[in-house]
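# For reference, the sequence and a predicted model appear below.
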Amino acid sequence: MMYSHLFKSLPASSAAFASVLAGAVAASKSERSDANETVVSAGGWSKLTQCHHKSKDVVGMLHDLDERLENIERTLGASSSCSSTAATTSAAPPKNKYHNDSVGKSKTLPGIDVVLGSQWGDEGKGKLVDILSQEYDVCARVAGGSNAGHTIVVEGKKYKFHLLPSGVLNEKATCVLGNGVVIHLPSFLNELDGLKHQGIDAENRILLSDRAHLVFDFHQEVDGISEHRLGRNKIGTTKKGIGPAYASKISRNGIRIGDLENFDFFEMRFRELADYQMRSHPGLEIDVEGQLEYYRSIAKRVTAMTTDTIEYTNEQYDMGKKILIEGANATMLDIDFGTYPYVTSSNPSIGSVLTGLGVSPKKIHGIYGTTKAYCTRVGEGPFPTELEREEPGSIGEHLGVVGAEWGTTTGRARRVGWLDIPQMKYSTLINGFTAVNLTKLDVLTGLEEIKIGRAYKHNGKILNTMPSSLKTMSELEVLYETLPGWTEDISKARNFEDLPVNAQRYVLRVQELLGVPIRWIGCGANRLDMIDRGEGWDLSSEDKE
Ligand code: IMP
């Protein structure tokens, strides 16, 4: 309980206090009723949601009261000295020691939680986001564009997302595309219309940042032209125009969503940009008049969804709402931290939450790193633990086929390999994961032995971190350790103890090597095939096994 601070930090004006208090309690009430309705409408989607909103006993009521008081504290600004300190504390537990007083208990606190990809993308973030998002009031994307992609199957219906946060499936959530996202409006509207055909009309609860930059068709063409020019050295982009759109942003001749509100200004900027692109790429033809006509036709619809999402998101935070950031792409594709130049053109790591949404780092608490139990990558570039995928009967073929490793956005076969601990440690260092979501453990079922890439060696020396040079990367030797596999079907496991001993060993060994609790474990293809070990358990005691 932290409300003792409340009384010390009351504003001088009691009228102001009364109105703040009323607002906070109202916010807290509406949040609770939303959450209850979510459980009903979601019909058992989320184990987390169910246990969080069980019929109220005394403990539940006290918990409620505590949450409300926390909301009030936040609203009063007392959070700078107490609530947010608590949030910061939960984001940075003492090394290798995690309090264990809430084992198995799921509790989503108000504030911002983030789900990030920690490898080279396609780690299966969507499944966790899908489960978690049922508990959140706001679901946001902060970086990348339609290069991301994931599929969610709900009651036999398949939903494919590229630009929309998958939290859109929670009909109580507002979805935000923050200023860091680059938006190809035709794709965005198509996705929205497709969703409507599937029975989900989300248009009135989607907010687009007025500062988000636009991806135009010609950016996509330029993406293709650039790749073609690079020939054998191509990046292997998704050709969704992401790099060229961010290049326009950085060159300061990009066009932002908010520009559509003043179409004369938009038109002037568009003509200049189109002209610049055609001059820079001989052979590129842009139907300027046709494009302007299209953008004029959709301007009103888009403008209705456009707002200052910085103000919106921070207001929601102040009201004690729960905000979930759905990371796109992944840390090793980060323009700064990834395997440059074989990367995307944004920062899909933790920094993008701040720069792509406009929130303070003090407001973030859960930072959930998603990693496959093995490793994949699409496109070109270094991949130290890569296995041969094409050879019939090989382990690589097993991972590719059993893991259904083909890209959602491009359909390309993903490259596959063993889990890479030095890479994961690097990703953990950058992002400060508070918990790990280990996905697709079931794909390893049936392998006699499982390897873990334990360390990198170069010129006879063990490396302490990820090398930046492509040359060093290509000369790396990976040191592996080998663990015994398992053959039992693990898809029905719902508790850690339900896993075969060798699967438990594998998870615990990965956790020990990373030094971060593995909270979620994906154990099958279906939506609910997941183990949630809950928050806050003692990592050091697990290590002893
Ligand atoms: P771009 O983002 O389309 O420019 O592609 C740059 C690199 O990032 C390519 O290797 C892509 O395959 C990769 N990439 C981009 N987004 C994703 C993703 O969501 N999952 C996996 N790879 C991605």
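Everything's here; your move.
# In three-state terms, label residue 324 for me.
With DSSP: H, G, I helix; E, B strand; the rest coil as the basis, the three-state label of residue 324 is strand.
# and the protein, which of its residues are near the ligand?
The chain comes close to the ligand at residues 121-122, 147-148, 235-238, 240, 242-243, 328-329, 333, 342, 344-345, 378-379, as judged by CB under 6 Å from any ligand atom. (Each C-beta comes from the backbone N, C-alpha and C, glycine too.)
# Per-residue pLDDT of the residue in the stretch 251-400 of the chain that the ligand sits nearest to, please?
Per CB to the nearest ligand atom, residue 379 is where the stretch 251-400 of the chain lies closest to the ligand, at 2.1 Å. pLDDT, residue 379: 89.
# and the nearest residue to it once chain neighbours are set aside, what is it in contact with?
Among residues not flanking residue 379 along the chain, residue 236 sits closest, at 3.0 Å (CB to CB, 6 or more residues apart in numbering). Residues in contact with residue 236 (CB atoms under 8 Å, 6 or more residues apart in numbering) are 227, 342, 378-381, 412.
# can you tell me the helix or strand for residue 236?
Assigned by DSSP states H and E, residue 236 belongs to no helix or strand.
# just residue 316 next, same as before
Using DSSP H and E, residue 316 sits within helix 309-318.
# Work out the gap between that helix and the centre of the chain.
Its chain's C-alpha centre and that of helix 309-318 lie 19 Å apart, by CA atoms, centre = their mean, to the nearest Å.
# Using PyMOL, make a named selection holding only the buried ones among the residues of the chain next to the ligand.
Restricted to buried positions by 16 or more other CB atoms under 10 Å, the PyMOL selection for the residues of the chain next to the ligand reads:
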select buried, resi 121+122+147+148+235+237+238+240+242+243+328+329+333+342+344+345+378+379
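# show me where pLDDT drops low in the stretch 201-350 of the chain?
Along the stretch 201-350 of the chain, the model assigns pLDDT under 70 to no residue.
# in the protein, which residue is closest to the centre?
residue 327 (2.2 Å; CA atoms, centre = their mean).
# Once you drop chain neighbours, what's closest to that one?
Nearest residue to residue 327, sequence neighbours excluded (CB to CB, 6+ apart): residue 116, at 3.9 Å.
# Pull the contacting residues for the one you found.
By CB under 8 Å, 6+ apart, the residues touching residue 116 are 125, 327, 330-331, 348-350, 367-370, 431, 433.
# Check residue 140 too.
By CB under 8 Å, 6+ apart, residue 140 lies in contact with 165, 175-178, 309, 313, 323-326, 357.
# how does it look with 6 Å?
176, 178, 325 (CB atoms under 6 Å, 6 or more residues apart in numbering).
# Provide the strand pairings for the host helix or strand of it, with the direction of each partner.
Applying DSSP H and E as the criterion places residue 140 in strand 138-141. The pairing partners recorded for strand 138-141 under DSSP bridges are strand 174-177 (parallel), strand 322-326 (parallel).
# Can you list the buried residues in that strand?
Here strand 138-141 shows 138-141 as buried, counting by 16+ other CB under 10 Å.
# what's the answer for stretch 374-390, then?
Neighbour counts over stretch 374-390 (16+ other CB under 10 Å) mark 374-387, 389 as buried.
# Stretch 453-466 now?
So stretch 453-466, judged by 16+ other CB under 10 Å, has buried residues 453-456, 466.
# Need the residues that contact that stretch.
Contacts of stretch 453-466 (CB under 6 Å, 6+ apart): 385, 418, 420-422, 426, 472, 476-481.
# Can you tell me which of these lies closest to the ligand?
Taking CB to the nearest ligand atom as the measure, the ligand sits nearest to residue 420 out of the contacts of stretch 453-466, at 15.5 Å.
# show me the contacts for that closest one.
With contact set as CB under 6 Å, 6+ apart, residue 420 has these partners: 375, 384-385, 453.
# cool, and residue 188?
Contacts for residue 188 (CB under 6 Å, 6+ apart) come out as residue 163.
# any idea whether it is helix, strand or coil?
Classification of residue 188 by three-state DSSP places it in helix.
# how about the nearest residue to whatever residue of the stretch 1-150 of the chain ends up closest to the ligand, chain neighbours excluded?
Nearest residue of the stretch 1-150 of the chain to the ligand (CB to the nearest ligand atom) works out as residue 121 at 2.5 Å. Nearest residue to residue 121, sequence neighbours excluded (CB to CB, 6+ apart): residue 330, at 4.3 Å.
# thinking the one you found is in contact with residue 124, fair?
No - counting by CB atoms under 6 Å, residue 330 stays clear of residue 124, with 11.1 Å between them.
# neighbour count winner among those two?
residue 330 (28 against 20; other CB atoms under 10 Å).
# Report the contact partners of that one.
Counted by CB under 6 Å, 6+ apart, residue 330 has contacts 117, 119-121, 348.
# Distance of the residue nearest to residue 379 relative to residue 469?
Applying CB to CB, to the nearest Å, the value for residue 236 to residue 469 is 20 Å.
# Repeat that for residue 270.
Counting by CB to CB, the gap from residue 270 to residue 469 is 40 Å.
# between those two, which one's more packed in?
residue 270 (20 against 11).
# Lovely, talk soon.
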